[in-house]
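**Q** quick one: sequence and predicted model below, then my questions.
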Amino acid sequence: MPAATTTSAPIADQAALVRIGAKVRARLAADPATYHVACEQAEIYSVADFLSPAECARLMAMIDQVARPSPVYDGPAGAAYRSSYSGDVDPGDSFVQMIERRICDLMGIDQRWSETFQGQRYLPEQEFQGHYDWYDTTATYWAGETRRGGQRSWTAMAWLNEVEEGGETRFTRLGIGFPPQAGTLLMWNNALPDGRPNPDVLHAGMPVVKGVKYVVTKWFRTRRWS
């Protein structure tokens, strides 16, 4: 994921971002279990108890098996602004596939347009400073990402455990923060309704003060991911 920057680059995949945004927006609005966070500058939704305690425990164990110093797009793994551990859970595992299908069905996005499920683990003092999930199309990595599925449209992230202290997911420009809530799924549109990257979805994983934080994240593209 790119670090916190802004970009004046040409808008990539704009029509697709408009189309996907409209589809997901309508899908989530029609789901009575989905809560629309009150915010004019960004589209953020949540579903409580999306994952059961047993499902959370199983995913945490899987993350422990694959966790490595987290990579970043414009710096070395373990760069100061992203000090967590992360790893892709096995995409061929039937349990993982079941969870992925539930997220894709909820949002109404073809699963083939989603990246591999990534798990993250944060120990005390670890964090992910302010960043965007959408791609900077002026960056050197963009040529590869446009071949791999294009711009990121939506993000879906689930907390797997409660944290003793710290570890909030904070949208810094919006002044909105979400403390870890085991089993809750948080979703947001990385674009504006007109398909431009939304500068207000700058977000950060705040430092864990006490305990360990586990999350899983799925990013969606504008076309089939490879």
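**A** The structure has been received and is ready for your questions. Numbering: from 1, shown residues only.

**Q** which parts of the protein are strands?
**A** Secondary structure of the chain (DSSP state E): strands at 35-36, 44-47, 68-69, 85-88, 118-122, 128-131, 152-159, 165-166, 169-171, 176-178, 185-189, 203-205, 208-210, 213-221.

**Q** which one of those strands lies closest to Ile109?
**A** With Cβ to Cβ as the criterion, Ile109 lies closest to strand 213-221 of those, at 5.2 Å. (C-beta placed from N, C-alpha, C; glycine too.)

**Q** so in the protein, where's the weakest helix or strand by average pLDDT?
**A** strand 68-69 (a mean of 90; mean pLDDT, DSSP states H and E).

**Q** which elements pack onto it?
**A** If contacts are counted by 3 or more Cβ pairs under 8 Å, 6 or more residues apart in numbering; DSSP states H and E, strand 68-69 sits against strand 85-88.

**Q** so how far is the strand it packs on from its chain's centroid?
**A** 13 Å (Cα atoms, centre = their mean, to the nearest Å).

**Q** dump it to PDB, restricted to CA.
**A** Output of strand 85-88 as PDB, limited to C-alpha atoms (Å, rounded to 0.1, in the frame of the first residue of the first chain):
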ATOM      1  CA  TYR A  85       3.600  -8.300  10.600                       C
ATOM      2  CA  SER A  86       1.500  -9.500   7.800                       C
ATOM      3  CA  GLY A  87       1.000 -12.400   5.300                       C
ATOM      4  CA  ASP A  88      -1.500 -13.800   2.800                       C
END
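
**Q** that strand: which residues count as buried?
**A** Within strand 85-88, the residues that count as buried by 16 or more other Cβ atoms under 10 Å are Tyr85, Ser86, Gly87.

**Q** equivalent analysis for stretch 43-62, please.
**A** 43-47, 50-51, 55-56, 58-60, 62.

**Q** for the residue nearest the centre of the chain, which non-adjacent residue is closest in space?
**A** Central residue of the chain (Cα atoms, centre = their mean): Thr155, 3.9 Å from the mean position. Among residues not flanking Thr155 along the chain, Asp133 sits closest, at 4.9 Å (Cβ to Cβ, 6 or more residues apart in numbering).

**Q** ok, now which ones touch that neighbour?
**A** By Cβ atoms under 8 Å, 6 or more residues apart in numbering, the contact set of Asp133 is Met1, Arg152, Thr155, Asn190, Val201, His203, Trp219.

**Q** what's the answer for Gly211, then?
**A** Gly211 is in contact with Pro124, Glu162, Val163, Glu164, Glu165, Gly166, Gly167, counting by Cβ under 8 Å, 6+ apart.

**Q** run a quick neighbour tally on the second one.
**A** For Glu162, the number of neighbouring residues by other Cβ atoms under 10 Å comes to 13.
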